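here's my sequence, what's the structure:
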Amino acid sequence: MPLTATPFRRDHTYWELLPANPQLARYIRCFWGSAYPYVKQKNDDTKTVVIPDTCVDIIYHIDYTENTITGKFCGINDTSFVNCEDTPPGHLISVFAIRFYAWSAHAFSEDSLKGTMNEYCDAQSRFHWLDQVLKPQLWETHSLEERSHLTEELFFRYSDQEQQNSVTDQAVNLLLSRQGTLSVTELAKECFISERHLERLFHEYIGITPKKLCSLVRYQCLWNDILRNPGFQILDAIHKYGYTDQAHLTREFRRYHTMDIQTAKKHAHDYVGNIQYNRDNFL
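Predicted structure coming up:
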């Protein structure tokens, strides 16, 4: 289960909803955004640490004050960055986004995902069909629930055209089951193809090399363990995830997370949501 740097965050600017239909759950990690339109306040948090979560996003920003809507595609990241939201205070705005697993987004894309690592571009460049249909309807819907339901219906209509590749699906299933600890040589051997062919397919359908995805999956499995396992021990994790030693583990975690383990845990729990999901909280 890919996790963000602040997986417990729930407030008037950010909420998550899982897909209602289990068939879409294999493609979509969640829908997220503002539960309802809200007026941007000066004290709204405008800086968010974004870590490599092995997901890709289509993000729509709706500004009712300016009467504008922008749709962006954020490809898989292999580095952390700080996202700054620069909407002026006083504007009535909302956000709606679709978070795909990085290895599943190609099923609904009209183009190759090659070259999309760390890319932030117009949603039309990869998902023209979705952008053309969804964007106008975002003016007519306002809640996160309405928009996620609408989007699921659109995906079902498109499902007969989805792009699949059995080799990449098999490879991803293998590296997920092994928590990213497989080498590219082992992965290619188990898929009965050459390393070069496997790398070409990963670039085409995911936008990243097999080696890099293995490393990111291992990091995400470690991050899950850190947050969800009360008995987490670094020495156990070194053996479990195949790190050379403690320095190797902590160095790689800091490289992807920009902070050490204890600071990352504190940062994650500093954003624990404490409000209920209902309309009154967001108007």
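
ok, which stretches of the stretch 1-150 of the chain are strands?
Assigned by DSSP state E, counting those that start in this stretch, the strands in the stretch 1-150 of the chain fall at 15-17, 28-33, 38-39, 47-50, 55-63, 68-74, 81-84, 92-101, 120-122.

what is the neighbour count of Tyr101?
21 (other CB atoms under 10 Å). Yep, even glycine has a C-beta here, placed from its N, CA and C like the rest.

swap in Tyr256?
Neighbours of Tyr256 (other CB under 10 Å): 21.

before we move on, what about the one 3 residues further on?
Applying other CB under 10 Å, we find 16 other residues in the vicinity of Met259.

how about it: what's its closest non-neighbour residue?
His267 (6.7 Å; CB to CB, 6 or more residues apart in numbering).

I'd guessed the one you found sits against Ala5; true?
Yes - shown here, His267 and Ala5 form a contact pair, counting by CB atoms under 8 Å, at 6.4 Å.

tell me, what's touching these two both at once?
Val49 (CB atoms under 8 Å, 6 or more residues apart in numbering).

and stretch 122-132, which residues are buried?
When burial is assessed from 16 or more other CB atoms under 10 Å, stretch 122-132 yields the following buried residues: 123-124, 126-127, 130-131.

next one: stretch 175-187
Those would be 175-176, 178-182, 184, 187, for stretch 175-187 by 16+ other CB under 10 Å.

so what's Ser194 up against?
Applying CB under 8 Å, 6+ apart, the residues near Ser194 are Ala188.

related to what we said a few turns ago, which among the buried residues of stretch 122-132 gets closest to Ala171?
Checking these against Ala171 by CB to CB gives Arg126 as the nearest, at 21.4 Å.

mind checking pLDDT for the closest one?
Here, the pLDDT recorded for Arg126 equals 90.

show me where pLDDT drops low in the stretch 1-150 of the chain?
43-46 (pLDDT under 70).

what ranges do the helices span in this protein?
Listed in chain order, the helices of the chain (DSSP state H) span 124-138, 144-158, 166-177, 184-191, 195-205, 210-228, 234-241, 246-257, 261-269.

want to throw those into TSV with distance to Pro52?
Converted to TSV, the helices of the chain look like this (distance: least, CB to CB, whole Å):
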stretch	distance to Pro52
helix 124-138	19
helix 144-158	24
helix 166-177	15
helix 184-191	18
helix 195-205	16
helix 210-228	5
helix 234-241	15
helix 246-257	5
helix 261-269	13
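
and those helices: which comes nearest Cys84?
Using CB to CB, the helices of the chain put helix 261-269 closest to Cys84, at 16.8 Å.

list the helices and strands the closest one packs on?
helix 210-228, helix 246-257 (3 or more CB pairs under 8 Å, 6 or more residues apart in numbering; DSSP states H and E).
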